[in-house]
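In: Sequence first, then the predicted structure, then my questions.
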Amino acid sequence: MSSLDSALKEAMTIEGAIGVALVDYGSGMALGTLGDGGAELDLNVAAAGNTDLVRAKMRTMEMLGLHDNDIEDILISLTSQYHLIRPLTTATGRGLFLYLALSRSRSNLAMARHQLRRIEAGLEV
């Protein structure tokens, strides 16, 4: 099991990582962030904004009656970036999601998804 700090550091080693955050989607607050998106990416604004997206998807799944399905991840493809959102499924991680922004030109999306899944599985909150 890894701590929040070590999980965020590990996520930043993913090829092309710009920034990462662990977010509480109940409040929209980032519990931890790492990365230097600079003017390119404000992680606290991204955390709050993506909270609305996660909440909307959770509500939609509830309305559709998809109770036996968990969201693995949500992918947002921009022209120069990928944004990955991975809701935590562990008992202690319910209500939280990992948010990872990647440079599209420097990343391998399949590998990034695989590595983020591994980080989520080992994260102890």
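Out: Perfect, I can see it now. Numbers count the residues shown, from 1 in each chain.

In: Looking at the spatially most central residue of the chain now. What's its pLDDT?
Out: For the chain, the residue nearest the mean C-alpha position is Tyr99 (2.1 Å; C-alpha atoms, centre = their mean). Here the pLDDT value assigned to Tyr99 is 96.

In: Equivalent analysis for Arg94, please.
Out: For Arg94, pLDDT reads 81.

In: Tell me how many other residues crowd the closest residue to it other than its chain neighbours.
Out: Leaving aside its sequence neighbours, Arg94 sits nearest to Leu88 (C-beta to C-beta, 6 or more residues apart in numbering; 6.8 Å). Using the backbone N, CA and C atoms, a C-beta is placed for each residue, glycine as well. As a burial measure, Leu88 scores 20 neighbours (other C-beta atoms under 10 Å).

In: go on, Asn69?
Out: 9.

In: please begin residue numbering at 845 from this point
Out: Shifting the count to begin at 845 puts that one at Asn913.

In: Name the helix or strand for it, please.
Out: For Asn913, there is no helix or strand it lies in under DSSP states H and E.

In: Arg961 - that's part of a helix, no?
Out: Yes - counting by DSSP: H, G, I helix; E, B strand; the rest coil, one finds Arg961 located in a helix.

In: Name all residues that make contact with it.
Out: Arg961 makes contacts with Glu916, Asp917, Arg930, as judged by C-beta atoms under 8 Å, 6 or more residues apart in numbering.

In: Which of the residues you listed fall in strands?
Out: Arg930 (DSSP state E).

In: of all the contacts of Arg961, which comes closest to Asp880?
Out: Closest to Asp880 out of these is Arg930 (21.2 Å), distances taken as C-beta to C-beta.
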